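> What shape does this take:
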Amino acid sequence: MKTGKRMIIEDVNHDDIIFEKHKYPIIMSESLTAMIAIPLWYEHYVYGVLLLGQRDNKPLPLQHNQISIINKFGIFKEED
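Numbers count the residues shown, from 1 in each chain. Sure thing, here's the model as predicted:
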């Protein structure tokens, strides 16, 4: 999430993240089993992150790679 780029974790127990969960406290505190993090850029700075998560081992939506914030979050965009 610190890269400024979209991050997709389809399964926190099978992806490479399994040994690095401690670096992402939101995963543990919210009991997330899958997630998408989208940075909210404005004038060369990330002002926030839109986090979409699943619990209880529910999979991400089939079209999760097509989720777009273009023209949906005012001044913010996904990439600088």
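
> per-residue confidence for residue 1?
According to the prediction, residue 1 has pLDDT 60.

> next one: residue 22
Note for residue 22: predicted pLDDT of 79.

> In the sheet, which residues pair with residue 54? Tell me.
Counting by DSSP bridges, residue 54 forms beta bridges with residue 34.

> Leaving out chain neighbours, which residue sits closest to the residue most central in space within the chain?
Centroid check for the chain by Cα atoms, centre = their mean gives residue 37 as the closest residue, at 1.3 Å. Leaving out its chain neighbours, the residue that sits closest to residue 37 by Cβ to Cβ, 6 or more residues apart in numbering is residue 7, at 4.4 Å. In this view, the C-beta of every residue, glycine as well, is placed from N, C-alpha and C.

> you'd agree that neighbour is up against residue 36?
Yes - at 7.2 Å, residue 7 counts as touching residue 36 under the criterion of Cβ atoms under 8 Å.

> that older thread, how about the residue nearest to the centre of the chain, secondary structure?
At residue 37 the chain is in strand, as set by DSSP: H, G, I helix; E, B strand; the rest coil.

> all helices of this protein, in order?
25-29 (DSSP state H).

> what bits of it have low per-residue confidence?
1, 15 (pLDDT under 70).

> ranges for the strands of it?
7-9, 32-42, 45-55 (DSSP state E).

> Return the list of strands paired to the first one, each annotated with direction.
If I follow you right, that is strand 7-9. Under the rule (DSSP bridges), strand 7-9 has strand 32-42 (antiparallel) as partners.

> Flag every buried residue along the partner strand.
32-41 (16 or more other Cβ atoms under 10 Å).

> Which one of those is nearest to residue 47?
residue 40 (5.3 Å; Cβ to Cβ).

> Pull up the gap between the nearest residue to residue 47 once chain neighbours are set aside and residue 65, please.
Residue nearest to residue 47 in three dimensions, not counting chain neighbours: residue 40, with 5.3 Å by Cβ to Cβ, 6+ apart. Distance of residue 40 to residue 65, given as Cβ to Cβ, to the nearest Å: 19 Å.
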